[in-house]
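> any chance you could fold what I've pasted below:
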Amino acid sequence: MSDIYRAAERLMGMQDADWRRHANPLSVWTRFSCLPLLVLAIWARIWVGWWALALFVLACLWTWINPRLFPPPADFGSWASRATLGERVFLARDRHNIAAHHIRAAHVLTGLSALGVVPLVYGLIALEPFALLAGLVATILPKVWFCDRMVWIHAELTGTTPGTPLATPLLPPERTPI
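So this is what the prediction gives:
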């Protein structure tokens, strides 16, 4: 499962400047619209036929542009900003001393989110709204919890308290190779 994180990061092609922009709370909170927009675009096939493909492409474009759209925040101390900073640390976990319980929790939450895709896909194929909504909730809620875990990781490794203002995107020092 650990490769799924790196694959997603490579797919998004995030550079340092993109991560700084994505730490803007507007970027983080609007990011949660990506999956519902993709789902809506696919569901729209029953209303607009093949034009749903254009909606799907627009939703994919929004997914890619969202972390790059907003300016870096003036303060990196918000929960949303720290979730982004913590995710950066987590993605580089081979270079940081992240507690094993955080890594296990992240894997479990990612697995739970992935399980939510099953009813979501079924709902899209069978045009079953209840399964679709249950799948959306089951996919998004673990992701929110994952973000909270990333805040916790950031706080532990930087020795800071969430909510305390941060003028720069503070990242912990990388461990020295043995």
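> for residue 170, which non-adjacent residue is spatially closest?
residue 158 (5.2 Å; C-beta to C-beta, 6 or more residues apart in numbering). Every residue, glycine included, has its C-beta placed from N, CA and C.
> low-confidence ranges in this structure?
Along the chain, segments meeting pLDDT under 70 span 1-3, 6-9, 11, 176-178.
> now do 90
By pLDDT under 90, the weakly predicted segments of the chain are 1-16, 92-95, 162-163, 170, 173-178.
> list the buried residues in the longest helix along it.
Ranked by residue count, the top helix of the chain under DSSP state H comes out as helix 129-158. Buried residues in helix 129-158, defined by neighbour count with 16 or more other C-beta atoms under 10 Å: 131-132, 134-136, 138-140, 142-143, 145-158.
> same deal with stretch 39-54?
39, 41, 42, 43, 44, 45, 52.
> now, those that are in helices?
39, 41, 42, 43, 45, 52.
> check contacts around the fourth one.
This points to residue 43. 52, 124, 127, 132 (C-beta atoms under 8 Å, 6 or more residues apart in numbering).
> if I look at the first one, how far off is residue 24?
With distances defined as C-beta to C-beta, to the nearest Å, the gap from residue 52 to residue 24 amounts to 30 Å.
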